[in-house]
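1. sequence first, then the predicted structure:
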Amino acid sequence: MFEYLNQSEVIRSIVTVGSMALFFVGLFGLLSQKHFIKIFISIAIMESAVFLFFIGNVFERDFTAPIMGEGYTNVAQMNDPIPHAMILTAIVIGMAVMALGVSMAIEYYKLTKNTDIDKMNEMRH
Amino acid sequence: MSSILFIALPLLFGFITPLLNKLSKNAVVYASTLMQVFLLYLVFTLLSQNTPHIEIISIAPPLGISFVLNATALFFVALFTFLMTLFSLYYLSHRKTNAYKNETKFFILLNMLLAASIGLVLSSDIFNIYVFFEIAGISAYILSAYEKTPSALEAGLKYLITGAVASVFLVFAIALIYINLGSLNLALIAESFGTLSYNLKLLIAILLLIGFGFKVEIFPLNFWVVDVYQGSSTLINALFSSIVVKAYLFVFFHIVYLFLQSADFSLFLVYLGAASMLIAEIVGLSQTNLKRLFAYSSLGQVALIFTAFALQNAEAIQAALFIVFAHSLAKMTIFLALSKIESVHKSVNAQTLKEFNSPFLRAVMLIAMLSLLGIPLFAGFVGKFLLLKSLVTGGLLGVLALIVLASLLEAVYYFKLAGFMFSKGEKKEPMKIDFTQKLVFSLLAFLLVVVGLAPFLISGFLLEASSVMLEASSYITNLVGAQ
């Protein structure tokens, strides 16, 4: 049974199903939660789901990390490095956006004592 | 080599700004303006070449970055550089009385915004597009929350949350494209995109539409826009309305033309654009707050440009580029003028619009409003006329009716505003407008009138730009050939 699971295609399917489930958990959180921080967490979950989906679907079993060095010489048996580079970039960007968002939420809370996105209506005064 | 300077110089400037700040506080402001003037000079040298504009820069595979500067891209680069330079010139005199706190940061953000908007237009690699998408986004979030008042922070937060969600959908689309086609280069994607199954194509199209839909302010993903405009400072709105959204619009349709071409999809986009325009103008009618009103007007005009691009024929694209030109200049004029009024009267609403005393500013605002309405003899007319003409030739009379109706609704509230501006009543003391600001306003108004009177001055270039944008195949061969 575990032999069957240990194939690239099966692993990819599991990752796809799992990451899509995670994506919808994040989407549900985004639509149902009202607290700023919970909304940011939901967006982060959606992001992670997409990253996981991407990395999981380019993964090949028995392939090595795309690094040149001792024991890592067979270029044909290496995983594709481009998705990793892309996801690293995207993680950094995502983290920067989250940090910015949280800091804005804190500033906003200091001024208004409000953490609820539905009660955020400075414009309607 | 010059096209990379448009991205590299503003980015580099962003990084050396803290060093310049050590020299003197004013060094940053003047150096940034000088750099933008230099970019403007580069634009003019490129525009004055008589040969077809095409320049491809490929950086070798470990980085694998490529930029394409063709006539369409050059149009947007020229527009962004020009408007950003005018903005900086305006700010040079604005800062004497109403400087932002911490100008160093402000100028870093301005230059990042310029670099990212130009980068979006020039990139021919979908992951670079994502990176510039985020850089433009982050600078815009910070600029919109810059004043740190509760309403500015609310605007920034709303902008940031929608932007972050948009980027998740964009990354999802990019991931699907890379997993199935193994490439990030727009030309290589476009070549093999047809081999994908119908469902996958549909999924990618929907994800891209959601991802870019937030940014190109299309219904129903534009609920955040009006609050952002109202919460941000008036000066910043000039940038949002005339630069940022135009860059996103171009990139979205660039991608649509390259690999999402299908009759059904483009018809759907045409109706989506026309419906968004009508909805924006209907809701705009009942607004009393000036910034909100102009935000709805921006939504309407952007939806109009969206419709024109979605029609996918050379005439309609030419119309779209005309409207982009006229709308960017007019909204820049109006928001700068509103910010001038705000800096003198401390607030901007219907009352201050009645009271401010400056015939010059009043005339300039009137020109911009008439151009937005598409009154003949102003630049806005040419674009709207070409668009209506191409709708008639295309037989899309339903869309035509929607657009005409929306334009009439827009006319109602613009005439109401003009009524406020020219109503008799008590005026405050005459407003002082110094030379630089007069220069900026006159230049914008002059261009709006001149292009309206003599559209042939730019229509040749715009026609070249629109045919280049439409010809996906030559873009693909040029780009693939360069690698």
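-> Nice, thanks for sending it over.

2. now the helices for the stretch 351-483 of chain B?
-> B:359-373, B:379-394, B:397-421, B:435-453, B:456-470, B:472-481 (DSSP state H, counting those that start in this stretch).

3. phi and psi next, for residue A:61.
-> phi -70, psi 150 (degrees, to the nearest 10).

4. tell me which parts of the stretch 201-350 of chain B are close to chain A?
-> Within the stretch 201-350 of chain B, the positions adjacent to chain A are B:227, B:230-231, B:292 by Cβ under 8 Å from any Cβ of the partner chain. All C-beta atoms are positioned from the backbone trio N, CA, C, and that covers glycine.

5. neighbouring contacts of the helix or strand residue A:25 falls within?
-> Residue A:25 is part of helix A:8-32, with elements assigned from DSSP states H and E. Outside of helix A:8-32, the residues within contact range by Cβ atoms under 8 Å, 6 or more residues apart in numbering or on different chains are A:4-5, A:38-39, A:41-50, A:52-53, A:56-57, A:59-61, B:165, B:172.

6. with stretch A:36-55 instead?
-> By Cβ under 8 Å, 6+ apart, the list of residues contacting stretch A:36-55 reads A:15-16, A:18-20, A:22-23, A:25-30, A:33, A:83-84, A:86-87, A:90-91, A:94, A:98, A:101-102, A:105, A:108-109, A:115, A:117, B:157, B:161, B:164-165, B:168, B:171-172, B:175, B:178-179.

7. how far out from the middle of the chain is it?
-> Here the centre of stretch A:36-55 is set off from its chain's centre by 4 Å, with Cα atoms, centre = their mean, to the nearest Å.

8. now that stretch: buried residues?
-> A:36, A:39-55 (16 or more other Cβ atoms under 10 Å in any protein chain shown).

9. ok, stretch B:439-448 next?
-> B:440-441, B:444-445, B:447-448.

10. is the longest helix seen in chain A anywhere near chain B?
-> Ranked by residue count, the top helix of chain A under DSSP state H comes out as helix A:81-112. Yes: counting by Cβ under 8 Å from any Cβ, chain B has neighbours in helix A:81-112: A:82-83, A:86, A:89-90, A:93-94, A:96-98, A:100-101, A:104-105, A:107-108, A:111-112.

11. now the buried members of these.
-> A:82-83, A:86, A:90, A:93-94, A:97-98, A:100-101, A:104-105, A:107-108.

12. can I get those in CSV including pLDDT?
-> What follows is those, written out as CSV (pLDDT from 0 to 100):
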residue, pLDDT
A:82, 84
A:83, 86
A:86, 88
A:90, 92
A:93, 93
A:94, 92
A:97, 94
A:98, 93
A:100, 94
A:101, 93
A:104, 92
A:105, 92
A:107, 91
A:108, 91
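
13. now those in TSV, with distance to residue B:365?
-> Listed next are those as TSV, based on distance: Cβ to Cβ, whole Å:
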residue	distance to residue B:365
A:82	51
A:83	51
A:86	46
A:90	43
A:93	39
A:94	41
A:97	36
A:98	41
A:100	35
A:101	36
A:104	33
A:105	37
A:107	34
A:108	33
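
14. what helix or strand does residue A:54 sit in?
-> helix A:36-58.

15. for residue B:68, same thing?
-> Using DSSP H and E, residue B:68 falls in strand B:66-70.

16. how about the very next helix or strand once past that strand: buried residues?
-> Downstream of strand B:66-70, the next assigned helix or strand under DSSP H and E is helix B:71-98. Residues of helix B:71-98 classed as buried: B:71-94 (neighbour count, 16+ other Cβ under 10 Å).
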